[in-house]
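Colleague: Okay, structure incoming, though there's no sequence with it:
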Ligand code: NDP
């Protein structure tokens with residue numbers, strides 16, 4: 001059977017672009033389809049603009065910190081529109097780079113909403129990214145990769161239409177003075193810090209006692225304290241009941257009867273796989289309960305020639321993981337190569353202020369495997385010696401008692417993501433506490449603490 005392409009990748013986000021480029025570099029005839037924006041969520045409405053906004057949000061505090069060091073600087077006013085314009089320019093630059101990388105790799109680019117007509121045919125309908133007067137067209141391929149990502153969800157409460165998600169947060173015409181964030185996952189914690197740093201009053205409403213469920217408990221407690229120290233109000237163990245709009249503001253009703261008046265209700269309540277319009281039901285692709293595409297270890301769906309990677313499979317929903325999956329798949333299918341990634345040691349970071357990062361096991365996960373030696377250190381870094389603000393750094397190391405391998409590292413403090421990126425190599429390599437101890441530190445830094453933790457804080461016994 002003759003097809004138009006060897007491979008069609010649906011979705012030009014981080015995972016899809018890497019997969020398409022590598023497959024084409026191995027000699028496959030590849031097409032990629034994008035409906036909304038080149039580079040996907042990460043570049044356009046995710047990691048990249050979020051980090052730029054987080055960087056912007058830190059300058060105000062840094063100006064004040066500089067006073068203790070002798071600078072007569074003034075905080076002044078933050079101009080939201082300047083930041084938004086600069087961010088949009090940067091995204092436009094990155095969009096062009098993505099297009100040019102794909103073209104240089106000889107990938108054919110298509111815009112539109114893709115839907116399967118049959119197991120080897122895609123119908124492409126014009127979308128917002130398509131040029132005016134674009135026509136519906138059909139494309140065939142031997143193989144397909146679905147890399148369509150995910151989209152934010154909102155809670156099903158009365159007045160939910162008055163709330164925004166991260167998608168809109170990147171395009172607000174002005175910064176709301178009062179922001180109420182629902183949820184305490186990655187997005188909730190990060191945007192709480194962004195809006196706070198830029199001058200908004202922040203309320204967080206979440207159903208756990210401390211934020212960031214899934215991370216190490218002690219790290220979460222350190223985060224709770226850091227958010228409180230930053231002046232972010234946390235309404236814990238609560239969920240919203242409804243949102244009302246008044247002429248001036250919004251009123252968020254909580255399930256304990258409290259009402260929070262706010263200028264912006266921000267749902268940071270998780271994301272769902274993007275499968276709408278793909279026609280997966282037509283060709284019998286198996287989905288799991290949350291709509292995520294079911295795959296095996298080779299990224300193969302219930303149809304052997306159709307693969308899925310990234311957020312749409314809802315495994316580890318992080319950009320570098322999607323990229324690793326896309327690369328490995330293209331290498332296997334067209335390069336006859338096996339590419340291995342240490343998914344178990346996937347480092348995670350949350351860009352709050354100060355940021356946090358984790359790699360390896362949490363204490364709760366670790367003690368299911370055996371007795372653990374726990375090292376904890378909390379200190380005020382030298383940077384705050386002369387400042388009014390005294391942000392604490394928290395570091396926790398989890399060492400398997402029997403093997404002496406360092407199985408988990410957790411840090412909240414300035415540069416935590418930069419520091420733990422390096423140390424994640426040690427975790428992936430299975431290095432021991434003795435390996436850490438024989439490493440000479442860089443002085444004076446916060447990171448040197450990781451190689452100078454002499455005093456064990458406690459032993460945590462195995463829990464079955
Ligand atoms: P998360 O899954 O991280 O957090 C969702 C939050 O919403 C949790 O606090 C959760 O509470 C709450 N929630 C969910 N359902 C309900 C409900 N019915 N009622 C009340 N609260 C609810 O999702 P995010 O939207 O923050 O982020 C999505 C994903 O995007 C992340 O998990 C991550 O994979 C990725 N991401 C990564 C970033 C990074 O690497 N820095 C940055 C941003 C996003 P509970 O904990 O109780 O379930």
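Modeller: All right, it came through fine. Here the structure is a predicted model, which is why all the values come from computation and not from measurement.
Colleague: Give me the below-cutoff pLDDT ranges for the chain.
Modeller: By pLDDT under 70, the chain contains no weakly predicted segment.
Colleague: For it, just list every one of the helices.
Modeller: Secondary structure of the chain by DSSP state H: the helices cover 14-25, 40-45, 47-67, 80-104, 166-169, 186-198, 217-229, 280-283, 319-334, 363-366, 416-428, 433-437.
Colleague: from those helices, which stretch is densest packed?
Modeller: Burial of these is given as mean neighbour count (mean count of other C-beta atoms under 10 Å); helix 14-25 ranks first at a mean of 27. (C-beta placed from N, C-alpha, C; glycine too.)
Colleague: contacts for it?
Modeller: 6-7, 9-10, 12, 30-32, 34, 39-40, 42-43, 98, 101-102, 105-107, 145, 147-148, 309-310, 319-320, 322-323, 325-327, 329-331, 333-335 (C-beta atoms under 8 Å, 6 or more residues apart in numbering).
Colleague: among those residues, which are in reach of the ligand?
Modeller: Subset of the contacts of helix 14-25 in contact with the ligand: empty, counting by C-beta under 6 Å from any ligand atom.
Colleague: what does the protein put close to the ligand?
Modeller: 155, 183-188, 190, 206-208, 213, 239, 268-271, 317-318, 349-351.
Colleague: repeat that for 8 Å
Modeller: Residues of the chain lying close to the ligand (C-beta under 8 Å from any ligand atom) are 46-47, 50, 150, 152-153, 155, 166, 182-190, 206-208, 211-214, 239-240, 268-271, 311, 316-319, 348-351.
Colleague: any idea how far residue 83 is from the ligand?
Modeller: 19 Å (C-beta to the nearest ligand atom, to the nearest Å).
Colleague: ah, wrong one, I meant residue 312
Modeller: From residue 312 across to the ligand, the span is 13 Å (C-beta to the nearest ligand atom).
Colleague: Next, the contact list for that residue, please.
Modeller: Residue 312 touches 11, 146, 147, 148, 149, 150, 273, 274, 275, 292, 293, counting by C-beta under 8 Å, 6+ apart.
Colleague: Equivalent analysis for residue 439, please.
Modeller: Contacts of residue 439 by C-beta under 8 Å, 6+ apart are residue 451.
Colleague: What's the local residue count around the residue of the chain found nearest the ligand?
Modeller: Closest contact between the chain and the ligand, by C-beta to the nearest ligand atom, is at residue 185 (1.9 Å). Residue 185 has 19 neighbours, counted by other C-beta atoms under 10 Å.
Colleague: Which residue lies closest in space to it, excluding its sequence neighbours?
Modeller: Closest residue to residue 185 apart from its sequence neighbours, by C-beta to C-beta, 6 or more residues apart in numbering: residue 268 at 6.2 Å.
Colleague: Would you agree the one you found is in contact with residue 183?
Modeller: Yes - shown here, residue 268 and residue 183 form a contact pair, counting by C-beta atoms under 8 Å, at 3.9 Å.
Colleague: Contacts only, for the residue nearest to residue 185.
Modeller: Contacts for residue 268 (C-beta under 8 Å, 6+ apart) come out as 152, 165, 166, 181, 182, 183, 184, 185, 187, 188, 191.
Colleague: Does the fifth one touch residue 264 like I think?
Modeller: No - under the contact definition of C-beta under 8 Å, residue 182 does not touch residue 264, with a separation of 11.0 Å.
Colleague: more neighbours, these two?
Modeller: It is residue 182, of residue 182 and residue 264, that has more neighbours when counted by other C-beta under 10 Å, with 26 against 21.
Colleague: now the more buried one: how far from residue 46?
Modeller: Remark: distance between residue 182 and residue 46 (C-beta to C-beta, to the nearest Å) = 19 Å.
Colleague: likewise residue 184?
Modeller: Relative to residue 46, and taking C-beta to C-beta, residue 184 is found at 18 Å.
Colleague: again with residue 193
Modeller: Look at residue 193 and residue 46: by C-beta to C-beta, they are 16 Å apart.
Colleague: Quick one: residues contacting the residue nearest to residue 42 when sequence neighbours are not counted.
Modeller: Counting by C-beta to C-beta, 6+ apart, residue 42 lies nearest to residue 319, which is 4.5 Å off, once chain neighbours are set aside. Applying C-beta under 8 Å, 6+ apart, we find residue 319 in contact with 14, 42, 46, 47.
Colleague: mind redoing it with 7 Å?
Modeller: By C-beta atoms under 7 Å, 6 or more residues apart in numbering, the residues touching residue 319 are 14, 42, 47.
Colleague: Just to check, the second one is in contact with residue 50?
Modeller: No - in this structure, residue 42 sits apart from residue 50 without contact. The criterion is C-beta atoms under 7 Å, and the distance is 9.2 Å.
Colleague: would you list every one of the strands in the stretch 301-450 of the chain?
Modeller: Assignment of strands within the stretch 301-450 of the chain using DSSP state E, counting those that start in this stretch yields the ranges 306-308, 348-350, 356-360, 372-379, 393-400, 406-412.
Colleague: Dump the ones you listed to TSV, plus distance to residue 72.
Modeller: As requested, the strands of the stretch 301-450 of the chain are exported to TSV (distance: least, C-beta to C-beta, whole Å):
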stretch	distance to residue 72
strand 306-308	57
strand 348-350	34
strand 356-360	33
strand 372-379	29
strand 393-400	28
strand 406-412	31
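Colleague: Out of those, which is closest to residue 428?
Modeller: Of all the strands of the stretch 301-450 of the chain, it is strand 356-360 that lies closest to residue 428, at 8.2 Å by C-beta to C-beta.
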